[in-house]
Structures are given as C-alpha cells and as structure tokens.
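**Q** Sequence first, then the predicted structure, then my questions.
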Amino acid sequence: NAGVTQTPKFRVLKTGQSMTLLCAQDMNHEYMYWYRQDPGMGLRLIHYSVGEGTTAKGEVPDGYNVSRLKKQNFLLGLESAAPSQTSVYFCASTQDGSYNEQFFGPGTRLTVL
Amino acid sequence: DAKTTQPPSMDCAEGRAANLPCNHSTISGNEYVYWYRQIHSQGPQYIIHGLKNNETNEMASLIITEDRKSSTLILPHATLRDTAVYYCIAAPGKYNQGGKLIFGQGTELSVKP
C-alpha cells in the first residue's frame, strides 16, 4: 500500500495562474481532507469530502475548489493563485470520519510569486 | 470543538520520559482527546486518543485527569527521532461533522542527546 500520495511535491506559480493538486489514497477510505499549513502554524482545514461525489467547506475555503469524482482521488484547485496561497498543502483520509487515525500525505509545497 | 492550550516548546533528554501537557478546560462530554505529531516537513502522524480512561499503545501513554480538563501525553523513553511538534486536539468522536480535526499551534518537543 502506498497510503496517501500527493502530486506534485513542489510547485511555483505566478499570481493569477491556475493549478490542481492531486491526492490519491489506496486504502478505500470514505473521508478525505485538504489542509494548508503556513509557517509556524498548525494545519487549517480547507475542504473535505465524506464520500465519492460529495464535498464540504472547512475553515478556510475561499479561493479553492475541490472535486471527488472517484473515491480514491480528491482534487484541490486554485483558479487564480494569489501570494497568500503560498503554503504547504496536506491531504488526509480516514475510513469513516472517525478521529481515531487520519492518514496524511507527504505534502505539496506551493509558492505563488 | 473545545479549544486546547499547550506550551509552545519543551526540551527532553534522550532516554528520559517526555511529558507533554494539554489543557482543555472547556471540553464537553462527547469530545475525545487526540494526539498527533508532525516531524519536520512531514504530514502529521496519529499517536493516541482517549475519552476519560488512561490509554497506552506502542508509541505513548495518555493520562486524562478525572475532571477531563487536562491531559498529559507521555513518551516513556524519548529518542532523537521523537523531536517533533505535538498537537493535542479535543473533538467529537465518530460520525460527527465529517471527522474534522482542528489543529492548534502544538508543542515543539526537542529531544537532546
């Protein structure tokens, strides 16, 4: 099992450009999450999904869109990147929304110039 | 979700027990205490959780006070690889609000030789 994987690992964008971050999990988990982490801070929830075809807003959803067309994939989109979106993005998944153990990916480091 | 308070940093000698405190004085009856850690630049890793009884697993022990207003995570024999930021999270259990985790700033534990 690869667990939770994220693509790409690093990316540099210019202001106004768009991109999509891919999260994939091979554990057949129902719930998936996107977090961002800024320097010196804890993780903040952007969006999450409780199953294929569903999405919901987290703490800081503005400027992001998500899609969960397949159970194993959770995509995070930035339509028009801004410098404030420079951050490390983590994806996580869990089987049934239990807090017992969320499995996290290795992160994507995004810089917006 | 209840707010938690943790010291920003702590030091521990290698081989000694590391005791990480967490205050959650506003925790409600259905909220568990969860601990995660984040080793530099990696995704967070689940450690342990509990409701009101003390818990132990292969990684750590969790001691929760009788009034549930505070808890302590114990790493019995800290190693250099335990150097990380430790997050204490108080949140409802399963099937509630999509299993979202609210991360605070955590405690940065430095294990020194």
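**A** Perfect, I can see it now.
**Q** Check which helix or strand the residue nearest to A:G40 when sequence neighbours are not counted maps to.
**A** Once flanking residues are discounted, A:G40 sits nearest to B:Q105: 7.7 Å by Cβ to Cβ, 6 or more residues apart in numbering or on different chains. C-beta: built from backbone N, CA, C; applies to glycine. Assigned by DSSP states H and E, B:Q105 belongs to neither a helix nor a strand.
**Q** Enumerate every residue touching B:T56.
**A** B:T56 makes contacts with B:I48, B:L62, as judged by Cβ atoms under 8 Å, 6 or more residues apart in numbering or on different chains.
**Q** For it, grab phi and psi.
**A** Main-chain torsions, B:T56, degrees, to the nearest 10: phi -140, psi 140.
**Q** Any idea what the residue nearest to the spatial centre of chain B is bridged to?
**A** Among the residues of chain B, the one closest to the centroid is B:W35, at 3.2 Å (Cα atoms, centre = their mean). Assessed by DSSP bridges, B:W35 has beta-bridge partners B:I48, B:C88.
**Q** Now B:G104. Its backbone dihedrals?
**A** Phi and psi for B:G104, reported as degrees, to the nearest 10, are phi -90, psi -150.
**Q** so where do the strands sit in chain A?
**A** A:4-7, A:10-13, A:19-25, A:31-37, A:43-49, A:56-57, A:65-67, A:73-78, A:87-94, A:103-104, A:108-112 (DSSP state E).
**Q** Would you tell me which of these gets closest to chain B?
**A** strand A:103-104 (3.0 Å; Cβ to the nearest Cβ).
**Q** which residues sit in contact with residue 77?
**A** In the absence of a named chain, this looks at chain A. Neighbour list for A:G77: A:S18, A:M19, A:T20, A:L21, A:Y64, A:N65, A:V66, A:S67 [criterion: Cβ under 8 Å, 6+ apart].
**Q** Chain B, not that one
**A** B:G15, B:R16, B:A17 are the contacts of B:H77 under Cβ under 8 Å, 6+ apart.
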